[in-house]
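Visitor: Can you look at this prediction? I've put the sequence above it.
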Amino acid sequence: MERLDDMVIVAAGPGDAGALAEVHVTAWRETYRGLLPSAYLAQMNTGLYARRWRRQLMAARPPEIVLAAEARDGLVGYCAGQTRGDDASAEVSTLYVLQTAQKLGLGRRLLAASARVLRARGAGSLTLWVLNGNTPARGFYEHLGGVAVAERVVRGWGGGFRETAYHWADIDSLARLA
């Protein structure tokens, strides 16, 4: 088992695309087993996601960030987000940590590091969306002070899914978590 002290958080680049894809697909299969259709999870293709990550990271603009958590044997998590418009807000679009690296404080560190970068780019608040059935993630965000502020229907995966927005009115409360 990894130790939190053995992990570093780095800005991801195009060379990380394959590892990000592996984490993405594995984390989705671990996280959404029993929540999303198993056929959808089974057909997820790391090659396809690697190409998407590479394209995204090569075309990244200053509002976008992708931070990766690296352990001795490779990437074990990541967080992606961006600042939004002129309203001084930010949104985290994805935060995933492999099960083997969970319960060590790494998710908290990734979110805090992302909040610091987004704050440095002018964001004063942060929002993220969580699939309603993802009870562990919802508890994690609530524990970190996130407040449920909205709910919406999710398109895709056969329908019938909803997600909830968690909001931090003061991004500094997350940035200080380290």
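Guide: Done, it's in.
Visitor: Longest strand of the protein, counting residues only.
Guide: If you go by DSSP state E, the chain has its longest strand at strand 74-84.
Visitor: That one pairs with which strands, and in what direction?
Guide: strand 64-71 (antiparallel), strand 89-97 (antiparallel) (DSSP bridges).
Visitor: who's in contact with the spatially most central residue of the chain?
Guide: Taking C-alpha atoms, centre = their mean, the centroid of the chain lies closest to Leu95, which sits 1.4 Å from it. Contact analysis of Leu95 by C-beta atoms under 8 Å, 6 or more residues apart in numbering lists 77-80, 107, 110-111, 114, 128. For every residue, glycine as well, the C-beta is placed using N, CA and C.
Visitor: can you do 7 Å?
Guide: 79, 107, 110-111 (C-beta atoms under 7 Å, 6 or more residues apart in numbering).
Visitor: and Leu59, how far is that from Arg52?
Guide: You called it Leu, but residue 59 is Ala. As judged by C-beta to C-beta, to the nearest Å, Ala59 and Arg52 stand 11 Å apart.
Visitor: So the two - more neighbours on which side?
Guide: Arg52 (14 against 9; other C-beta atoms under 10 Å).
Visitor: you'd agree that one is in a helix?
Guide: Yes - the assignment for Arg52 by DSSP: H, G, I helix; E, B strand; the rest coil puts it in a helix.
Visitor: Excluding sequence neighbours, find me the nearest residue to it.
Guide: Nearest residue to Arg52 in three dimensions, chain neighbours excluded: Ala21, at 7.7 Å (C-beta to C-beta, 6 or more residues apart in numbering).
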